[in-house]
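Q: give me a model of this one.
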Amino acid sequence: MSENNAVEILLVEDTPEDLELALRALRKANLANHIQIARDGAEAIEFLFAEGAYKGRKVENGPKVILLDLKLPKIDGLEVLKRLKADARTKLIPVVMLTSSKEQSDVIESYKLGVNSYIVKPVNFERFAEAVQELGFYWLLLNQPPKVDE
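A: Numbers count the residues shown, from 1 in each chain. Down below sits the predicted model:
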């Protein structure tokens, strides 16, 4: 992906099957033009804050929405969310926790840290694909984000 293309979705997912299914669902809905993939929490942090392999990218050119798995290698989703919401440059980016965890403690902690939505991944793959499409439509086409002065 070239630096000039705006990223609309940051998809943070470590499970190859879920990642491929989410990408297929977004492509089917014609929402896959500007997706950045991170396969662990550390890569997500590097992308969001223009560090490491993403040095030179403008932090202010963040995604329109982040689909974030909770259980990630290196840095978990809650820690990614905490760092994201603590930084003025990224705190307004909507975050959807897309996870298999139904644990109330995870739901509560996610909302305390500022998640915009918490969705438990459907076990049924067809329903999972539908959910991802609906998320893409909502956050990219219907949601009205705040205007931020640069």
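
Q: so how far is the helix-or-strand element of the chain with minimal mean pLDDT from its chain's centroid?
A: Of the helices and strands making up the chain, the lowest-confidence element is helix 125-137, at a mean of 81, by mean pLDDT, DSSP states H and E. Distance of helix 125-137 from the chain centroid (CA atoms, centre = their mean, to the nearest Å) equals 14 Å.

Q: just the residues contacting stretch 78-89, thanks.
A: For stretch 78-89, contacts defined as CB atoms under 8 Å, 6 or more residues apart in numbering pick out 12, 41, 44-45, 48-49, 59-60, 62, 66, 68, 70, 72, 90-91, 93, 95, 97, 106, 109-110, 113-115. For every residue, glycine as well, the C-beta is placed using N, CA and C.

Q: among the residues you listed, the buried ones, what's the PyMOL command?
A: Here is the PyMOL command that picks out the buried ones among these, judged by 16 or more other CB atoms under 10 Å:
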select buried, resi 12+41+44+45+48+49+62+66+68+70+72+90+93+95+97+106+109+110+113+115
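
Q: in strands only, show me the contacts of stretch 78-89.
A: Secondary structure defined by DSSP state E assigns Val12, Ile66, Leu68, Val95, Met97 of these to strands.

Q: which one of those residues sits closest to Ala29?
A: Ala29 has its nearest neighbour among those in Ile66, at 17.7 Å by CB to CB.
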